[in-house]
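Asker: Need coordinates for the below:
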Amino acid sequence: MPGYFEYIDAYFNQTLSHQEVERFEQKLTEDKAFAEDVAFYLSAKQVVIEQREKEKKDWFKQLLPGQDSIIETQKNARLKTLWIYRSLAAAAIFVVLAVSWYLFYSKPMRVQEQAQLYIQQNLTTLPVTMGTNLDSVQQGLKLYNEGQLEASKKMFELTVQNDTSNYSAKKYLGIVYLRLANYDKALLYFRFLENYSLYSNPAIFYQALTLMKRNQSGDKEKAKQLLQQVVEGNLEGKTVAQRWLKNW
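Answerer: Numbers count the residues shown, from 1 in each chain. A predicted model of the protein is given here:
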């Protein structure tokens, strides 16, 4: 990413604004990958320092040949300074990684973060039936997996207009609206799914997921009730619901 490490460098050089510093430090605590990049930056910067020290030493030897005692004295001083730099860099890296580990593996995630992580891991792509002749639902899924959410939404809407009983099209419409952050429409379609008597039906679980992601007043409490309903009714999403409720 252009300017990515320049942004990190600006933070340590104290050239960011107060608001940018706050955003940087918030990102450091919320984004594990970013925290690891900061640790890599500190490590890489230490390598640059070491290389510069070596170049200075080589240049000084060429400038004053035979001044071994002076070089040795300055070398020892530089080594002492370098040891201090290494210790500071190692300590900084340890702190960054420790904070990252604590936040991402020890501290319970907020319900909105749990919902977002689930969406990223499970709803970014959806299974498509292999074959040469794709029906409208499969075409919608293909568009969805290509990241064309608006186009896939139109395809699923057209399918529902032509077949109001099409369960799959309604389910995928709900998922598309969830991805588009149109939570009211997502909830509407997920509620439609409750009218279908199926062995595996994620209607209740998806409603809870949507409420967790929307996170408006009262959503958290309603989502918890729905997740408890999923667990008690042994419905689809039970395992995830149990994990979420444990950290509620």
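Asker: Local confidence estimate at residue 33?
Answerer: For residue 33, the pLDDT comes out at 74.
Asker: now the one 5 residues further on
Answerer: According to the prediction, residue 38 has pLDDT 78.
Asker: Quick one: neighbours of it, just the number.
Answerer: 24 (other C-beta atoms under 10 Å). Every residue, glycine included, has its C-beta placed from N, CA and C.
Asker: By mean pLDDT, flag the weakest helix or strand of this structure.
Answerer: helix 68-101 (a mean of 62; mean pLDDT, DSSP states H and E).
Asker: I'd like the next helix or strand past it.
Answerer: helix 111-122 (DSSP states H and E).
Asker: And the contacts of that following helix?
Answerer: 109, 178-179, 209-210, 212-213, 215, 220, 223, 240, 244, 247-248 (C-beta atoms under 8 Å, 6 or more residues apart in numbering).
Asker: residues of whichever helix or strand comes after that helix that come out buried?
Answerer: Next helix or strand after helix 111-122 toward the C-terminus (DSSP H and E): helix 136-145. Using 16 or more other C-beta atoms under 10 Å as the burial criterion, the residues of helix 136-145 that qualify are 136, 137, 138, 139, 140, 141, 142, 143, 144.
Asker: hang on, isn't the last one packed against residue 172?
Answerer: This points to residue 144. Yes. The criterion here is C-beta atoms under 8 Å, and residue 144 meets it with residue 172 at 7.1 Å.
Asker: Quick check: neighbours shared by those two?
Answerer: 126, 152.
Asker: Output the contacts of helix 111-122 in a markdown table; the columns should cover pLDDT, distance to residue 36 and neighbour count.
Answerer: Listed next are the contacts of helix 111-122 as a markdown table, based on pLDDT from 0 to 100; distance: C-beta to C-beta, whole Å; neighbours: other C-beta atoms under 10 Å:
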| residue | pLDDT | distance to residue 36 | neighbour count |
| --- | --- | --- | --- |
| 109 | 67 | 18 | 15 |
| 178 | 98 | 29 | 23 |
| 179 | 97 | 27 | 18 |
| 209 | 98 | 28 | 31 |
| 210 | 98 | 31 | 27 |
| 212 | 97 | 27 | 25 |
| 213 | 96 | 26 | 22 |
| 215 | 94 | 27 | 15 |
| 220 | 95 | 30 | 16 |
| 223 | 97 | 31 | 24 |
| 240 | 96 | 26 | 18 |
| 244 | 95 | 26 | 24 |
| 247 | 83 | 24 | 11 |
| 248 | 85 | 29 | 12 |
